[in-house]
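S.K.: return atomic coordinates for the entry below.
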Amino acid sequence: MKNKLAKHRIKIFFKKILKDLLFDQNTISSTIVGSFSETFNFKNVGDIDVVLICKKITRKYYKDYIKIIKMQKNKLLQLSDKKNLKINTTFGPIKFDNSKTLIIHLMIYDYNSHVKHALASPFTCYDWQRSNFYCGNKLEKIFSIKKLQINDFMNSRRGIKSYINDLTNKNISYSKYFFNKNNVTLQKKKLKINLENQNKFIYHILKNIINNFVKFEKNKNNNFSNNIINFYFKKIINNNKSFIKFKLLSKEIFLKEISKEKDKLNLTKKFLKIFSTYLKNKYLNNNEIHFIRHQKTKINKEEFLGQSRNVSIVNKKIPIYLKKINYDVCYASPLKRSLQTSKLLVNAKKIKLSKNLIEMNYGNCEGLTYKDLNYLYPKFAKNLSSLKDPRFPNGENTEDVLKRLNKFIKKELINTKQSEKKILVVTHNVILRCLLGHYFNINKKYWYMINIKNLEFFEFILKHKKLIPNISRTKLKTAFNNLHNFY
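M.R.: Okay, here's the model as predicted:
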């Protein structure tokens, strides 16, 4: 009962802090993230992570918000039984925690820098999205990661390459704001890995990268137990003698084990390389599929272009990066614009036509604009604008197109030979909206807002007869740019 009451008091106090942080109209969101947002227990956390998203950062805004937290110093120290308070305003995995000091890790972003951070560090922002302890907008609504992908482990800021680089240079990468009059820049910094911080940094790397891998495999944004993380750790190392004695069961156990090792940094690099090979063998050696929208046509973007008008492409130029890809097989919609695009990318003998990849059937509305639609079919136009997914008169709706897409995947695509490693699928706008909307769990009524560029390819992996998205974050940002207030 005492513990419940204490937790309740702590929650009320921190809710007040979040509301105080939201007083300025410049502030979009204030959120407590990380383990403290789930336990509200000072004993089990190293620091308290607070994320602020605002419209614009200025020196005054930045200092004002540090003052707001400092004003609560006495109450914070009383609740936590700590003797000192420190506010950490850096961005990165630097830990200042000790038994006597309460650390508030205050991270302030404007909208653009938050989006940039989400693209570069999807693991961190995906974890933050889990927090329900916030005021203002929920972080997921501001910019959503949706799900983790294999290329995040390879190329993101807290991925394999980034960590290996830090360990090689014996640095911990982080960032800090620098103010010059009214200008603000986020400067990259390096903290030397020394005897004091190396064990904690190694634990941070191993614990987080494996926890993120479990999130990916289970497709769940959870903070998994030490037992589950240890199970995956053993699975990845596969009886490797260098790591067999280690247990990722708790921070205390691991720090005792690693402290006995002489060359800890190289040992951690070795694990990351083993993990990289494990990922490649398990996922990247499977069939790789590029779904692509056909080249441009001369039809006005405002007109409905579906199946009836079999128009040609107007541009036969293909980007160099696409020309360099040697596809083993190509599935294509039989419509002229798709077939012509396919022939620019592969030998005609490699092309297999599929009616399931054809564009949406707009029926009587083919060639009409939205203005025409409102005039000729007012009831249908009203249902369409209210996001009810009605069928076009004598045509299809989004659900019909999704069924065709799933039929193509289940009956045609998954029967691709194992030897056909690189697969091209050339199709249309609505098919690709259904593909991304379905695999990224976006509400169907908002699929029409997904932005698909001509000749933009979206990469998937085919494993055990299942499609797994593996799309670059910058492409996803472009595709989902109009969606972030509608998740």
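
S.K.: how about the strands in the stretch 201-350 of the chain?
M.R.: Listed in chain order, the strands of the stretch 201-350 of the chain (DSSP state E, counting those that start in this stretch) span 287-293, 329-332.

S.K.: tabulate those (a markdown table), appending mean neighbour count, mean pLDDT and distance to D127.
M.R.: For glycine as for every other residue, the C-beta is placed from the backbone atoms N, C-alpha and C. Rendered in a markdown table, the data for the strands of the stretch 201-350 of the chain read as follows (neighbours: other CB atoms under 10 Å; pLDDT from 0 to 100; distance: least, CB to CB, whole Å):
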| stretch | mean neighbour count | mean pLDDT | distance to D127 |
| --- | --- | --- | --- |
| strand 287-293 | 23 | 97 | 28 |
| strand 329-332 | 24 | 98 | 37 |
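
S.K.: redo those strands as JSON lines? Include distance to F231.
M.R.: Below are the strands of the stretch 201-350 of the chain laid out as JSON lines (distance: least, CB to CB, whole Å):
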{"stretch": "strand 287-293", "distance to F231": "28"}
{"stretch": "strand 329-332", "distance to F231": "38"}
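
S.K.: which one is the residue lying farthest from the centre of the chain nearest to, not counting chain neighbours?
M.R.: Taking CA atoms, centre = their mean, the residue of the chain most remote from its mean C-alpha position is L376, at 42.0 Å. Nearest residue to L376 in three dimensions, chain neighbours excluded: L368, at 7.0 Å (CB to CB, 6 or more residues apart in numbering).

S.K.: you'd agree that neighbour is in a helix?
M.R.: No: per DSSP: H, G, I helix; E, B strand; the rest coil, L368 lies outside any helix segment and is coil.

S.K.: which residues touch S121?
M.R.: Residues near S121 by CB atoms under 8 Å, 6 or more residues apart in numbering: 156-158.

S.K.: phi, psi of it?
M.R.: For S121, the backbone dihedrals are phi -130, psi 70 (criterion: degrees, to the nearest 10).

S.K.: what about it, distance to M360?
M.R.: According to CB to CB, to the nearest Å, S121 and M360 sit 37 Å apart.

S.K.: about what we covered before: just the ones of the contacts of S121 in helices?
M.R.: Members of the contacts of S121 lying in helices (criterion: DSSP state H): none.

S.K.: list just the nearest of those residues to K270.
M.R.: Minimum distance to K270 across the contacts of S121 is 18.6 Å, recorded for R158 (CB to CB).

S.K.: I figured that closest one hits T124, correct?
M.R.: Yes: using CB atoms under 8 Å, R158 is in contact with T124, at 6.4 Å.

S.K.: which ones are touching the spatially most central residue of the chain?
M.R.: For the chain, the residue nearest the mean C-alpha position is I145 (3.1 Å; CA atoms, centre = their mean). Listed by CB under 8 Å, 6+ apart, the contact set of I145 reads 118, 122, 125-126, 129.

S.K.: mind running it again at 6 Å?
M.R.: 122, 125-126 (CB atoms under 6 Å, 6 or more residues apart in numbering).

S.K.: so which of the residues you listed sit within helices?
M.R.: With DSSP H as the criterion, helices contain 122, 125-126 from among the contacts of I145.

S.K.: with neighbour count, pLDDT and distance to K466 added, can I get these in TSV?
M.R.: TSV is the format used below for the ones in helices among the contacts of I145 (neighbours: other CB atoms under 10 Å; pLDDT from 0 to 100; distance: CB to CB, whole Å):
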residue	neighbour count	pLDDT	distance to K466
P122	25	96	21
C125	22	96	26
Y126	22	96	21
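
S.K.: between those, which is nearest K100?
M.R.: When those are compared against K100 (criterion: CB to CB), the nearest one is C125, at 31.2 Å.

S.K.: about what we covered before: would you say the residue nearest to the centre of the chain is within a helix?
M.R.: No: I145 sits outside any helix when classified using three-state DSSP, being coil.

S.K.: relative to S276, how far out is it?
M.R.: From I145 to S276 the distance is 22 Å (CB to CB).

S.K.: now the helix or strand where L402 lies, how far from the centre of its chain.
M.R.: L402 belongs to helix 398-411 when assigned by DSSP states H and E. Remark: helix 398-411 is offset 25 Å from the chain centroid, using CA atoms, centre = their mean, to the nearest Å.

S.K.: as a whole number, average confidence for it?
M.R.: Averaged over helix 398-411, pLDDT sits at 97.

S.K.: next SSE downstream of it?
M.R.: Using DSSP H and E, the first helix or strand after helix 398-411 is strand 422-427.

S.K.: what is that following strand packed up against?
M.R.: Counting contacts by 3 or more CB pairs under 6 Å, 6 or more residues apart in numbering; DSSP states H and E, strand 422-427 is packed against strand 287-293, strand 329-332, helix 336-345.

S.K.: pull the distance from that strand to the chain's centre.
M.R.: Relative to its chain's centre, strand 422-427 lies at 24 Å (CA atoms, centre = their mean).

S.K.: output the contacting helices and strands for the very next helix or strand once past that strand.
M.R.: Later in the chain than strand 422-427, the nearest helix or strand by DSSP H and E is helix 429-439. Using 3+ CB pairs under 6 Å, 6+ apart, the elements in contact with helix 429-439 are helix 398-411.

S.K.: can you list the weak-confidence ranges in this structure?
M.R.: 1-3, 5, 97, 485-487 (pLDDT under 70).

S.K.: so it: which segments form each domain?
M.R.: Domains of the chain are assigned by automatic domain parsing as 1-146, 147-284, 287-479.

S.K.: could you work out the end-to-end span of the last one for me?
M.R.: Pointing back at domain 287-479 there. 23 Å (CA to CA, to the nearest Å).

S.K.: returning to what we had before: a markdown table for the contacts of I145, including distance to S386?
M.R.: Converted to a markdown table, the contacts of I145 look like this (distance: CB to CB, whole Å):
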| residue | distance to S386 |
| --- | --- |
| P122 | 34 |
| C125 | 32 |
| Y126 | 32 |
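
S.K.: circling back: now flag whichever of the contacts of S121 is closest to I28.
M.R.: Of these, the one sitting nearest to I28 (CB to CB) turns out to be R157, at 22.6 Å.

S.K.: and the closest one, how far from I205?
M.R.: With CB to CB as the criterion, R157 and I205 are 13 Å apart.

S.K.: more neighbours, these two?
M.R.: Applying other CB atoms under 10 Å to R157 and I205 shows that I205 carries more neighbours, namely 22 against 19.

S.K.: that older thread, what does the residue farthest from the centre of the chain show for phi and psi?
M.R.: Dihedral angles for L376 - degrees, to the nearest 10 - are phi -90, psi -30.

S.K.: what about it, distance to F304?
M.R.: The spacing between L376 and F304, counted by CB to CB, is 12 Å.

S.K.: no more questions from me, cheers.
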